[in-house]
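Asker: Mind looking at a prediction? Sequence and model below.
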Amino acid sequence: MFFLESHVKKLFCAIAMLAVSASASANLIKNGDFAAGGSNWTLTGNTGYSNFNGNQWNDGAMGTDAWLSQTIATVAGETYSLSFDTIVNWGRMAVALNDTPLFETTTSGLFTTSFIAASDSTTLSFITHNDPGYNSLDNVVVDHVARAVPEPASLALVGLGLAGLGALRRKRRG
C-alpha cells in the first residue's frame, strides 16, 4: 500500500507542476507602461514633439511620422496577442510588425489584436502623425498565446484511473 501511496503523491505533484507551468504568461514588452520613461524603446522619425511625461508616450509629430519601436523575441509560426491603450486627439496611431502594417486607428481606447510571428525576432512599432495635436500610448502588452493543452482536471482523472488500475492489478496478484 505504501508503494501505491508514494506513486499517487508523485502523480499529483507532476500534475500540479504541469498546471502551474501551462498557465504562466509574461509580457514580452519591456517597460510597456512607460514607468521608466523611454527606456527599452527606440524613438525615430519626427521626434521633436515626443516625450514620456505621465508614464506614457506622448507625441505631436507634425509633417512626418514619429516611430516608437521595440524588438522582442518571438517564435516563428507562433501566435501572440497585442494590447495597448491610446489617446488619438488628431491624426492616427498605427502599428507595424517588422515594418509591415498590422493595425491603424483614428480613435482612442483599449485595442487588442493578435499576430503570427514571421521570425524569431519581431520589431513592434507604433507610428503616429497628427497635425496639430498630441497622441498618447500606454500599457503595451504582448503575450504568447499558448497552444491548447489538456486541462489539469482531465489529467488528474486520467492519473487516478491509472492508479486505480494499478491498485486492482496488485490486489489480484496478492
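Answerer: Structure received.
Asker: So which residue is dead centre in this protein?
Answerer: D143 (1.1 Å; Cα atoms, centre = their mean).
Asker: what residues does the helix or strand containing that residue touch?
Answerer: Assigned by DSSP states H and E, D143 belongs to strand 135-144. Contacts with strand 135-144, where a contact means Cβ atoms under 8 Å, 6 or more residues apart in numbering, come from 25-29, 32-34, 55-60, 68, 72, 74-75, 78-93, 110, 124, 126, 128. Bear in mind the C-beta positions are built from the backbone N, C-alpha and C, glycine included.
Asker: Would you give the sheet partners of that strand, along with the direction of each?
Answerer: strand 57-59 (antiparallel), strand 79-88 (antiparallel) (DSSP bridges).
Asker: And the average pLDDT for it is what?
Answerer: Per-residue pLDDT values over strand 135-144 give a mean of 96.
Asker: how about that strand as CSV, C-alpha atoms only?
Answerer: What follows is strand 135-144, C-alpha atoms only, in CSV (Å, rounded to 0.1, in the frame of the first residue of the first chain):
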residue,chain,number,x,y,z
ASN,A,135,-1.4,61.3,-29.4
SER,A,136,-0.6,59.1,-26.4
LEU,A,137,0.3,55.4,-25.9
ASP,A,138,0.4,53.3,-22.7
ASN,A,139,0.1,49.8,-21.3
VAL,A,140,1.6,47.9,-24.2
VAL,A,141,1.4,44.2,-23.7
VAL,A,142,2.5,41.3,-25.9
ASP,A,143,1.8,37.8,-24.7
HIS,A,144,2.4,34.4,-26.3
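Asker: Perfect, that will be all.
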